[in-house]
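Undergrad: Got a predicted structure here, sequence first:
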Amino acid sequence: MGERTVYIKGRRSEVRRALLDLPRVFAHGDLAEGFRNLIGFALLANIKDAFVTRSGPCGPRPGFGPSAAGYAWEKLAPSTIAQRRVGPRERKGFRKSSADARKERVKRRGFEKQLYRQYVTGFIAQGIGLENARYMARKRAHREVMFRYRDLAKTKVDLLGQRQVEILRDTGVLLNSLSPGQISEDGRTYTKPGGAGGDLQLMQQAAGEVVIGTALEYAAYHHSEEPRSRLPQRRLWPRFIPGEWWNDVAAVAGRAMPDIAIEVARRAGKAS
């Protein structure tokens with residue numbers, strides 16, 4: 001960081017007193033809020049980055065794997081993937097598979113009727129009554145057809161459950177609620193991200209701290225450590241902040257503190 005020379009109109013004693021008062025400044029006032037917003041913005045950027053790496057097919061970035069307790073995301077079950085929205089290309093393929101399946105069902109029914117007639121004739125020839133012959137023929141023909149066409153039976157899970165989809169990003173609302181918005185250079189003006197979910201982002205000021213997160217109701221079900229029976233836990237941020245995240249925060253703080261000190265000194269000079 002290069003040296004900066006600032007000229008201030010005022011008494012040295014006033015400026016010195018203002019600079020010694022910096023700890024209080026960091027706890028209260030618009031400069032403190034801007035500083036905390038910058039810290040929150042840096043953390044949101046890391047949360048979004050980690051979210052994207054976990055939701056995609058490339059796997060977690062080094063430093064965020066299973067060693068970060070509970071922070072490795074479990075893959076989606078095929079039954080869950082099958083319920084996800086279907087895009088135009090997938091819908092076209094699904095229609096083709098459905099059309100093929102319908103053709104096979106017609107073919108299978110025709111073959112089953114043919115077997116049924118053959119078995120009825122055979123059972124009657126053996127001296128079995130018509131009603132019993134029909135019943136036995138129907139069961140045997142159906143059993144044989146199901147065995148012969150067993151590899152052609154397709155369910156929704158078979159057709160859609162093996163797609164490569166992103167975890168927790170079906171609509172993008174959750175990710176957007178945890179994505180950084182727009183912030184001014186001094187941090188005193190912050191605008192939440194636009195689009196669905198952006199208004200549910202938390203960036204709240206409190207005495208000496210900033211609270212970040214999302215107010216999206218279902219986010220708690222994924223992030224919470226409460227006991228669960230079906231839905232696996234997928235933490236939205238690690239239990240303990242990784243060292244590289246703190247490095248980013250320290251870099252932001254290092255850039256912001258000189259500007260805050262200069263602004264404090266300027267204000268003291270104007271007020272003297």
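TA: Looks like it arrived, so ask away. The structure presented is a predicted model; accordingly, all values stated were derived computationally and were not measured.

Undergrad: Any figure for the gap between the spatially most central residue of the chain and T214?
TA: Centroid-nearest residue in the chain, with C-alpha atoms, centre = their mean: L168, separated by 3.5 Å. Applying C-beta to C-beta, to the nearest Å, the value for L168 to T214 is 12 Å. For glycine as for every other residue, the C-beta is placed from the backbone atoms N, C-alpha and C.

Undergrad: list the residues that contact both of the two?
TA: Shared contacts of L168 and T214, defined by C-beta atoms under 8 Å, 6 or more residues apart in numbering, comprise L174.

Undergrad: which ones are touching H222?
TA: Going by C-beta under 8 Å, 6+ apart, H222 touches L168, L174, L231, Q233, R234, R235, L236.

Undergrad: Select from the residues you listed the entry with the lowest predicted confidence.
TA: Lowest pLDDT among the contacts of H222: L231, with 83.

Undergrad: show me where the chain has strands.
TA: 182-183, 190-191, 201-206, 209-214 (DSSP state E).

Undergrad: Out of those strands, which is closest to L115?
TA: Evaluated with C-beta to C-beta, these place strand 209-214 nearest to L115, the distance being 59.2 Å.

Undergrad: Direction included, what does the closest one pair up with?
TA: If you go by DSSP bridges, strand 209-214 pairs up with strand 201-206 (antiparallel).

Undergrad: What residues of the strand it pairs with count as buried?
TA: Within strand 201-206, the residues that qualify as buried are Q201, L202, M203, counting by 16 or more other C-beta atoms under 10 Å.

Undergrad: which one of those residues is nearest L38?
TA: Nearest to L38 among the buried residues of strand 201-206, with distances taken as C-beta to C-beta, is M203, at 11.1 Å.

Undergrad: Give me the below-cutoff pLDDT ranges for the stretch 151-272 of the chain.
TA: Low-confidence segments of the stretch 151-272 of the chain (pLDDT under 70): 151-155, 262, 264-272.

Undergrad: Return the residues in contact with the nearest residue to A137 once chain neighbours are set aside.
TA: By the measure of C-beta to C-beta, 6 or more residues apart in numbering, the closest residue to A137 outside its immediate chain neighbours is Y119, 3.5 Å from it. When contacts are counted by C-beta under 8 Å, 6+ apart, Y119 touches A133, M136, A137, R140, A141.

Undergrad: before we move on, what about A133?
TA: Contacts of A133 (C-beta under 8 Å, 6+ apart): Y119, V120, F123, I124.
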